[in-house]
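Asker: What follows is a predicted structure for the sequence shown.
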Amino acid sequence: AAKLSPEKLLCQLRDRVNVTMIQGSDGPFDTSEWRQYLPGKSLNETVGRLGRCAVVSSAGSLKSSHLGREIDSHDAVLRFNGAPIKGFQEDVGQKTTIRLVNSQLVTVEEQQFLREALYNTGILIVWDPAPYHAEIHEWYRKPDYNFFESYKVYRSIHPEQPFYILNPKMQWQLWDILQENSLEHIQPNPPSSGMLGIVIMMTLCDEVDVYEFLPSKRQTDVCHYYQKFHDRACTMGAYHPLLFEKNLVKHINQGTDEDIYTHGKVTLPGFRNVHC
Ligand code: NCC
């Protein structure tokens, strides 16, 4: 596989990855029951047009980064799963515009998900690993984690908070591009929440700064900035094709290597600023 130029790669991402949320008009969700639960407004309508956005990975290297103020200077901030703010503002900021969570968290950690206040801020988006290029119907019948009931419960408790379900087609459209631009064969597992979140923000924002997805000089085996747990696989990947995701993001970075080294910061253009 020949590597595309950064410009061509950005065009592929813009044109082939469809970032959409499940709507009441989609396949098995077109019932009166589901229409009660799915948000009435589209994500675009909910967020409006965003300028500078930040994506905050959960990496251990955010610890002692003092990036909080810089992160909060953005118009919108996206965070992942159970990544907390309380007690970590200095390093990760305090603004949360969107929180992207995986379906495992919504299902297996359901009690925490329903109870913890950290999920009540901003817009929630949940995604679930789907079979390769499956139709929505097929995925709906056998999701990786059956999060649908918890989703409904959460929606009943917090009806005012926007909470979207990511259209599962996106993960494989993105995976195909990762595979086409890698020399090695990639296990057919979906991209990490991190990579999905980056592409979601590229569709919503003029410019996207990503923090500690490409590790800075603070790189560490500590998995998360909020836990003591050590595992190299967190940064390099085991289930998710993390290493390939990071190579691709490095390739399209418009910032400097110095910014990666000191801030773990990558700057990507929003798709509306990509001209093909
Ligand atoms: O760890 P996780 O990811 O929640 O991290 C969010 C995203 O940050 C990037 N990251 C994280 C740690 C690190 N050292 N380097 C990084 O670059 C990654 O891009 C990652 O996606 C996930 O992707 O959803 C994941 O979720 C966890 C876990 O399910 C949730 O934290 C909820 O508890 C997964 N861990 C386990 O299942 C044990 C993880 O594999 C992927």
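Answerer: Arrived safely, thanks for sending.

Asker: Get me the contact residues on this structure for the ligand.
Answerer: Residues of the chain lying near the ligand by CB under 6 Å from any ligand atom: 57-60, 80-82, 102, 104-105, 192-194, 213, 223-224, 234-235, 239-240. C-betas here are computed from N, CA, C, even on glycine.

Asker: In contact with N120, which residues?
Answerer: With contact taken as CB atoms under 8 Å, 6 or more residues apart in numbering, N120 is in contact with 158, 161.

Asker: What about the residues of the chain next to the ligand, which are in helices?
Answerer: 104-105, 193-194, 234-235 (DSSP state H).

Asker: Filter these down to the buried ones, PyMOL style.
Answerer: Restricted to buried positions by 16 or more other CB atoms under 10 Å, the PyMOL selection for these reads:
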select buried, resi 105+193+194+234+235
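
Asker: which residues does the closest residue to the ligand within the stretch 101-250 of the chain contact?
Answerer: Residue of the stretch 101-250 of the chain nearest the ligand, by CB to the nearest ligand atom: G194 (1.9 Å). Residues near G194 by CB under 8 Å, 6+ apart: 55, 57-58, 80, 213, 242, 245.

Asker: could these go into a markdown table alongside pLDDT and neighbour count?
Answerer: Output for the contacts of G194, formatted as a markdown table (pLDDT from 0 to 100; neighbours: other CB atoms under 10 Å):
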| residue | pLDDT | neighbour count |
| --- | --- | --- |
| V55 | 99 | 30 |
| S57 | 98 | 28 |
| S58 | 98 | 22 |
| F80 | 98 | 21 |
| F213 | 98 | 25 |
| L242 | 96 | 19 |
| E245 | 97 | 24 |
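
Asker: Just the ones of the residues you listed in strands?
Answerer: Applying DSSP state E to the contacts of G194, the entries found in strands are 55, 80.

Asker: Might you calculate how far the helix or strand encompassing V266 sits from the centre of the chain?
Answerer: Under the criterion of DSSP states H and E, V266 resides in strand 265-269. Strand 265-269 has its C-alpha centroid displaced from the chain centroid by 15 Å (CA atoms, centre = their mean, to the nearest Å).

Asker: circling back to that earlier point, which of the contacts of G194 lies closest to S182?
Answerer: Nearest to S182 out of these is E245 (CB to CB; 9.9 Å).

Asker: The residue nearest to that closest one when sequence neighbours are not counted: what's it in contact with?
Answerer: Nearest residue to E245 in three dimensions, chain neighbours excluded: M195, at 4.2 Å (CB to CB, 6 or more residues apart in numbering). Applying CB under 8 Å, 6+ apart, we find M195 in contact with 174, 178, 240, 242, 245, 249.

Asker: Including distance to D26, could these go into CSV?
Answerer: Putting the contacts of M195 into CSV (distance: CB to CB, whole Å) gives the following:
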residue, distance to D26
L174, 19
L178, 25
H240, 25
L242, 29
E245, 27
V249, 29
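
Asker: So which of these are in helices?
Answerer: 174, 178, 242, 245, 249.

Asker: that older thread, and of the contacts of M195, the nearest to L43?
Answerer: Ranked by distance to L43 (CB to CB), these are led by L174 at 17.1 Å.

Asker: Tally up the residues packed near the closest one, please.
Answerer: Neighbour count of L174, defined by other CB atoms under 10 Å: 24.

Asker: Correct me if wrong: it contacts V17.
Answerer: Yes. At 5.1 Å, L174 and V17 qualify as touching, with contact defined as CB atoms under 8 Å.

Asker: Show me the contact partners of the host helix or strand of D176.
Answerer: For D176, the host element (DSSP H and E) is helix 169-180. Helix 169-180 has contacts (CB under 8 Å, 6+ apart) with 1, 9, 12-13, 16-20, 127, 129-130, 132-133, 136, 185-186, 188, 190-191, 195-196, 199, 241, 244-245, 248.

Asker: again, only using 7 Å
Answerer: Here helix 169-180 makes contact (CB atoms under 7 Å, 6 or more residues apart in numbering) with 1, 12-13, 16-19, 127, 130, 132-133, 186, 190-191, 195-196, 199, 241, 244-245, 248.
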